[in-house]
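A.B. asks: from the sequence below, what's the structure:
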Amino acid sequence: MAKTLDSFTFYFHYPHSLALSVQRWRPRAKGGGAGKGKGQPAVCAFVRRGATPWPLAPRLAVLSSGNSCGEAPACCCCGVARNVAHGGRRVAVEEGAPGAVARQLTGVRAPLRVAEMAASNGDGPAVGIDLGTTYSCVAVWQHNRGEIIANDQGSRLTSSCVAFTNNERFVGDAAFNQAALNPTNTVYEVKRLIGRRFSDESVQEDLKSWPFKVVKGLEDFPMITVQYKGEEKQFSPEEISAMVLVKMRETAEAYLGTTVKNAVITVPVYFNNAQRQATIDAGTIAGLNVMRIINEPTAVAIAYGLDRMPVYDGGRMVLVFDLGGGTFDVSLLNIDPGVAIGMSIFEVVAIAGNTHLGGADFDNEMVKHCLREFIRKHRKKDIIDNKKALTRLRSACERAKRMLSSTVETTVEVDALHDGIDFCCTITRPRFEELNMELFRKCMEALEKCFHEAKMDKSSVHDVVLVGGSTRIPKVQSMLRDFFNGKELCRKINPDEAVAYGAAIQASILNGETGDCKVRDMVLLEVTPLSFGIESRDDHTMAMVIPRNTAIPVKKTKTFRTFHNNQSSCKFRVYEGESASTKENNLLGEFKISGLPPGPKGTVKFEVTFDIDANGVLKVSAKETTIGLTNNITITNHSSGRLRKEEIERMKQEAGTYMKNDIVKDVGELRV
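C.D. replies: The predicted structure follows:
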């Protein structure tokens with residue numbers, strides 16, 4: 001019987017990379033089918049394209065479903081696997097039943113498992129959103145080009161800030177501009193809270209610098225407490241993030257003149273499972289269909305590689321250095337135009353970073369310096385308890401930091417900072433660099449770590465791409481130039497907008513909106529950002545099974561033994577993280593095997609298998625080797641999310657109520 005194709009999508013759910021498109025068999029009426037190649041025999045992966053059906057052509061990781069442009073060599077395979085070599089990874093077609101899919105044949109990797117999934121709800125355009133720590137940005141891909149959308153103040157960046165007063169609620173720039181007058185009810189940097197526990201060391205450190213109140217909620221989750229319309233209200237980090245996302249959605253709707261429901265949202269590459277799921281929950285609360293969560297450096301690579309792919313005559317090793325307002329990522333990617341197979345390939349080689357390092361930390365160091373100066377001059381230690389004074393001082397320090405990127409000396413000036421005392425402090429660029437030397441050192445440590453784990457030399461890098469507003473700091477640029485032996489840094493993309501731009505490309509592809517073949521025909525090969533393992537002893541030690549920066553899909557097995565004599569059962573607790581102690585890592589789930597045969601400790605053995613498939617779904621199974629007892633657990637982001645479906649639905653309804661009852665005014669109309 002003649003065959004033609006349906007398309008469906010499978011994806012890396014962890015670490016939420018780009019959509020992958022696969023072709024599937026379906027019967028075609030005899031003599032049917034349009035376009036050239038009609039009636040040709042079955043062909044294997046990366047073969048004839050255009051209108052020709054691909055019975056066995058699962059364009060591994062191709063970011064589209066539907067026709068593409070150009071052609072690649074055709075061949076008859078009749079179900080026989082045919083390999084296409086690229087970058088050390090062999091892509092092949094599995095022979096056998098209809099719906100055969102491509103798999104990657106490297107080491108002990110498992111075959112890709114394909115999950116049929118509707119990425120888009122088919123309702124209107126899709127946008128890309130960079131949900132940042134300090135600023136957010138929204139973009140759309142239309143008319144074969146990306147457009148960054150300005151907000152109602154004419155700015156292409158919107159403050160990730162929410163404020164509450166006795167009369168109304170403000171979101172974005174309006175909230176930021178009234179922060180000095182209303183510090184305890186103005187919430188910012190919520191990205192540093194989302195998906196975390198209240199007891200986390202980083203959260204406790206941040207509480208020292210935030211004027212707003214964060215308390216311990218149920219199950220150790222942080223809750224933000226504010227005064228709103230005369231009442232004390234508590235909001236989760238997801239709810240505050242949802243308010244920012246609603247603002248970005250409304251910004252896009254005002255520009256596009258239609259309802260926007262579909263979005264791709266970006267996250268730092270080192271976000272763990274809980275943080276990623278919390279971001280998805282925030283999008284859902286905001287009324288968005290979150291088609292995909294993708295890593296910020298991945299989005300940058302797409303934005304950077306898109307326009308430059310035609311000029312590449314071979315593979316390019318690109319380092320993305322992303323130092324934003326609150327997070328830091330460094331990613332090493334191999335970008336190949338893929339002329340031989342007719343599609344561009346983006347291969348993540350290694351990643352490193354810090355989810356708690358960014359521009360806000362540079363601001364904090366300046367604030368500490370200025371406080372020391374104020375106390376030294378005026379003996380007024382009680383300024384530390386003056387939240388309005390600290391908020392005004394922080395704003396002045398941020399302005400001074402920006403000035404020092406273009407001048408070697410500036411002043412931090414605040415009128416009537418505390419007890420009517422004016423404050424003025426001169427700060428030079430060398431002094432700023434001295435204050436923040438520890439932060440600069442952390443940046444370079446992550447960079448070196450990335451190359452170490454990639455087992456590559458820095459001389460192999462063709463392009464160094466700077467992303468994030470903090471990369472404008474001259475010291476950051478000079479350190480990078482020195483590290484790469486004087487290499488010129490790439491400044492061809494806007495560091496503030498590149499993430500949203502790349503996310504918009506991904507969104508349009510998932511939404512089926514793009515007709516540009518150079519956008520559609522992209523391949524992404526991702527890695528795990530964090531290590532996976534199980535708790536192996538009573539002393540909370542984590543035994544690593546899959547190390548970070550492992551290419552996915554992957555399947556690995558490790559043998560464990562009983563720890564006690566005549567042990568009747570064994571519990572397996574699955575973690576992600578880099579610490580040797582499970583107390584410092586993130587628990588993903590647990591399962592148990594009971595009815596073990598009696599025996600001395602160490603005589604009963606288990607084969608524990610970790611299997612991460614192409615959907616990013618982690619399946620952990622254990623088998624007792626003597627009598628064959630087995631059990632397993634399957635972990636997706638939803639299985640480790642902190643919010644239940646009914647809670648998300650309640651928050652979604654409340655978000656709609658806030659939109660109806662609150663008037664988000666222009667900056668000039670603020671009332672506090």
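
A.B. asks: going on from the host helix or strand of Cys425, what's the next piece of helix or strand?
C.D. replies: Under the criterion of DSSP states H and E, Cys425 resides in strand 421-428. Following strand 421-428 in sequence order, the next helix or strand is helix 429-435 (DSSP H and E).

A.B. asks: so what secondary structure elements neighbour that next one?
C.D. replies: helix 359-378, helix 474-483 (3 or more Cβ pairs under 8 Å, 6 or more residues apart in numbering; DSSP states H and E). Every residue, glycine included, has its C-beta placed from N, CA and C.

A.B. asks: ok and the shortest one relative to helix 359-378, angle-wise?
C.D. replies: So the one you mean is helix 474-483. Interaxial angle, helix 474-483 versus helix 359-378 (axes from the mean of the first three to the mean of the last three Cα atoms, to 10 degrees): 130 degrees.

A.B. asks: most tightly packed of the helices and strands packed on helix 429-435?
C.D. replies: Stretch with highest mean neighbour count among the helices and strands packed on helix 429-435: helix 359-378 (a mean of 19; mean count of other Cβ atoms under 10 Å).

A.B. asks: mean confidence for that helix?
C.D. replies: Helix 359-378 comes out with an average pLDDT of 96.

A.B. asks: closest to the centroid, which residue in this protein?
C.D. replies: For the chain, Val267 is the residue whose C-alpha lies nearest the centre (Cα atoms, centre = their mean; 2.3 Å).

A.B. asks: quickly list what that residue is bridged to.
C.D. replies: For Val267, the beta-bridge partners under DSSP bridges are Asn295.

A.B. asks: ok, back up a step: quick one: closest of the helices and strands packed on helix 429-435 to Arg650.
C.D. replies: Of all those, it is helix 359-378 that lies closest to Arg650, at 30.9 Å by Cβ to Cβ.

A.B. asks: other SSEs contacting the closest one?
C.D. replies: Partner elements for helix 359-378 (3+ Cβ pairs under 8 Å, 6+ apart): helix 387-403, strand 409-418, strand 421-428, helix 429-435, helix 437-454.

A.B. asks: quick one: it to strand 409-418, angle?
C.D. replies: 70 degrees.

A.B. asks: CA atoms of helix 359-378 as CSV?
C.D. replies: What follows is helix 359-378, C-alpha atoms only, in CSV (Å, rounded to 0.1, in the frame of the first residue of the first chain):
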residue,chain,number,x,y,z
GLY,A,359,23.7,42.1,38.1
ALA,A,360,21.7,42.3,41.4
ASP,A,361,24.7,40.9,43.2
PHE,A,362,26.9,43.6,41.8
ASP,A,363,24.3,46.1,43.1
ASN,A,364,24.4,44.5,46.5
GLU,A,365,28.1,44.9,46.8
MET,A,366,27.9,48.6,46.0
VAL,A,367,25.0,49.1,48.5
LYS,A,368,27.1,47.5,51.2
HIS,A,369,30.0,49.8,50.4
CYS,A,370,27.8,52.9,50.4
LEU,A,371,26.3,51.8,53.8
ARG,A,372,29.7,51.4,55.3
GLU,A,373,30.6,54.9,54.0
PHE,A,374,27.4,56.5,55.4
ILE,A,375,27.9,54.8,58.8
ARG,A,376,31.5,55.8,58.9
LYS,A,377,30.8,59.4,58.2
HIS,A,378,27.6,59.9,60.2
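
A.B. asks: rewinding a little: need the helices and strands packed on helix 429-435 in CSV with distance to Asn166, can you?
C.D. replies: Below are those laid out as CSV (distance: least, Cβ to Cβ, whole Å):
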stretch, distance to Asn166
helix 359-378, 28
helix 474-483, 42
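
A.B. asks: out of the ones you listed, nearest to Met456?
C.D. replies: helix 474-483 (13.7 Å).

A.B. asks: pull the distance from that closest one to the chain's centre.
C.D. replies: In terms of Cα atoms, centre = their mean, to the nearest Å, the centre of helix 474-483 is found 25 Å from the chain centre.

A.B. asks: so how far is the helix or strand that comes right after it from its chain's centroid?
C.D. replies: Once the chain leaves helix 474-483, the next helix or strand it forms, by DSSP H and E, is helix 498-510. Between the centre of helix 498-510 and the centre of its chain there are 13 Å (Cα atoms, centre = their mean).

A.B. asks: likewise stretch 231-242?
C.D. replies: 22 Å.

A.B. asks: so where's the stretch 201-350 of the chain shaky on pLDDT?
C.D. replies: Across the stretch 201-350 of the chain, the ranges flagged by pLDDT under 70 are 307-314, 338-342.

A.B. asks: please apply the same query to the chain.
C.D. replies: The model of the chain has pLDDT under 70 over residues 1-122, 307-314, 338-342, 514-521, 614-616, 636-642, 644, 658-672.

A.B. asks: residue ranges of each domain in it, please.
C.D. replies: 1-117, 126-291+644-669, 307-358+438-524, 359-436, 532-640 (automatic domain parsing).

A.B. asks: can you tell which of those is closest to Val300?
C.D. replies: domain 307-358+438-524 (4.8 Å).

A.B. asks: Ile627 against Pro598, yeah?
C.D. replies: No: at 11.6 Å, Ile627 and Pro598 do not qualify as touching, with contact defined as Cβ atoms under 8 Å.

A.B. asks: so what's the nearest residue to Thr259 once chain neighbours are set aside up against?
C.D. replies: Nearest in space to Thr259, with sequence neighbours left out and distances taken as Cβ to Cβ, 6 or more residues apart in numbering, is Gly124 at 5.2 Å. Gly124 makes contacts with Thr258, Thr259, Val260, Lys261, Asn262, as judged by Cβ atoms under 8 Å, 6 or more residues apart in numbering.

A.B. asks: right, I'll leave it there.
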